[in-house]
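**Student:** Below: sequence and its predicted model.
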Amino acid sequence: MKKRILVVDDDPEMGDVFKEIFPSDLNEVFYYEQVDNIIDLVSQHQPHIVLLDYNLDSENGGEFCKHIKSSKQYSNIPVILMSAFPKFIYSHRDIGYDGFLEKPFDVQELINIVEDKILDEPSK
């Protein structure tokens, strides 16, 4: 079964990067640069994991994470935050994220975190 990965990052070049890192024969990558309602996207794509850039033009990734984690239906989906500003993220652990990647990230580290969180995910 293909793993569904929802990515929100406002850097347009990152879409291609994520699609290359997670090949389409094993994964479905849904990439968005802008989001109005994260719960609508989660509902639409039913991802196994969500990767959120923290610094977005719209609502920040931390707020999106809180929306997901406060949803009874989707709170079990792992959420990984990404940012070039790790001190800020680490000071906001209360938003409920399941992992953090500092940008620029090591590709293998990203793969390891995603695989680890997907394998740890309870069955739906």
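**Tutor:** Looks like it arrived, so ask away.

**Student:** Do a quick rundown of the strands in the protein.
**Tutor:** 3-8, 27-32, 49-53, 79-83, 99-102 (DSSP state E).

**Student:** In this structure, where is pLDDT below threshold?
**Tutor:** Residue ranges of the chain with pLDDT under 70: 88-93, 120-124.

**Student:** biggest helix in it, by residue count?
**Tutor:** Longest helix in the chain, counting residues (DSSP state H): helix 107-120.

**Student:** Return it as CSV; C-alpha atoms alone will do.
**Tutor:** Presented in CSV, the C-alpha positions along helix 107-120 are these (Å, rounded to 0.1, in the frame of the first residue of the first chain):
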residue,chain,number,x,y,z
VAL,A,107,17.6,13.9,3.1
GLN,A,108,18.4,10.6,4.9
GLU,A,109,17.3,12.2,8.2
LEU,A,110,14.0,13.2,6.6
ILE,A,111,13.5,9.7,5.2
ASN,A,112,14.3,8.1,8.5
ILE,A,113,11.9,10.3,10.5
VAL,A,114,9.0,9.7,8.0
GLU,A,115,9.6,6.0,7.9
ASP,A,116,9.8,5.8,11.7
LYS,A,117,6.7,7.8,12.3
ILE,A,118,4.7,6.0,9.6
LEU,A,119,5.7,2.6,11.0
ASP,A,120,4.8,3.7,14.5
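
**Student:** contacts for that helix?
**Tutor:** Residues from elsewhere that reach helix 107-120 (C-beta atoms under 8 Å, 6 or more residues apart in numbering): Lys3, Ile5, Ile21, Phe22, His48, Ile49, Leu51, Pro78, Ile80, Asp98, Gly99, Leu101. (Each C-beta comes from the backbone N, C-alpha and C, glycine too.)
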